[in-house]
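Asker: next one to model:
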Amino acid sequence: RNDTTTYKQYETELFPDLGNAGTEDPFLYLDKRGNFHAVFHHMYGYDTGEHWWLLAEGGHAFSANGLDWTYSGVAWGDPFDRKRGDIVKYKDGSSFRFTRRERPHLILNDDMDITHLVTANQYGTSTIPTEVGNNGDASFTL
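Answerer: I've put the predicted structure just below:
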């Protein structure tokens, strides 16, 4: 059972260079050496000042103590692809460009090695993310 009275909130922004939206949907895990890692939906790529919600990139960061983090950059997706989205290739040889990939989760084996990346995937236009009815998208897990 977790004792929430022992929690301490820090006000320092972890990755100030990532812009106003920064990151969302973090998935945290410890590697077999006891180091902290985080993967997340990376909200800013190249030239994304206005349409950050169309990004499909994922970011990675690591920390030895869980407090001081190093952002290691884009872990999946292409931040320089101006078409936005991410192409997923299926076993049958077909592929599909999703508008966004977010809410990442990792599956680890018994040796704490990463075996799978699982994300929510959106398709559609996603023209204005804050307006109900104007997203034109749906989401499912791959």
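
Asker: what secondary structure does Val74 sit in?
Answerer: strand (DSSP: H, G, I helix; E, B strand; the rest coil).

Asker: my guess is it contacts Phe40, does it?
Answerer: No: between Val74 and Phe40 there is no contact, the gap being 10.9 Å when judged by CB atoms under 8 Å. (C-beta placed from N, C-alpha, C; glycine too.)

Asker: more neighbours: which of these two?
Answerer: Set Val74 next to Phe40 and count neighbours by other CB atoms under 10 Å: Phe40 wins out with 23 against 18.

Asker: packing partners of the longest strand seen in the chain?
Answerer: Criterion DSSP state E: the longest strand present in the chain is strand 114-124. Applying 3 or more CB pairs under 8 Å, 6 or more residues apart in numbering; DSSP states H and E, we find strand 114-124 packed against strand 95-98, strand 100-108, strand 137-141.

Asker: list the buried residues for the shortest one?
Answerer: Within strand 95-98, the residues that qualify as buried are Phe98, counting by 16 or more other CB atoms under 10 Å.

Asker: rewinding a little: pick the most buried one from the helices and strands packed on strand 114-124.
Answerer: Stretch with highest mean neighbour count among the helices and strands packed on strand 114-124: strand 100-108 (a mean of 18; mean count of other CB atoms under 10 Å).

Asker: strands of the protein, residue ranges please.
Answerer: Using DSSP E, strands in the chain cover 23-30, 36-42, 58-63, 70-76, 86-89, 95-98, 100-108, 114-124, 137-141.

Asker: for the record, mean pLDDT for the fifth one?
Answerer: Averaged over strand 86-89, pLDDT sits at 78.
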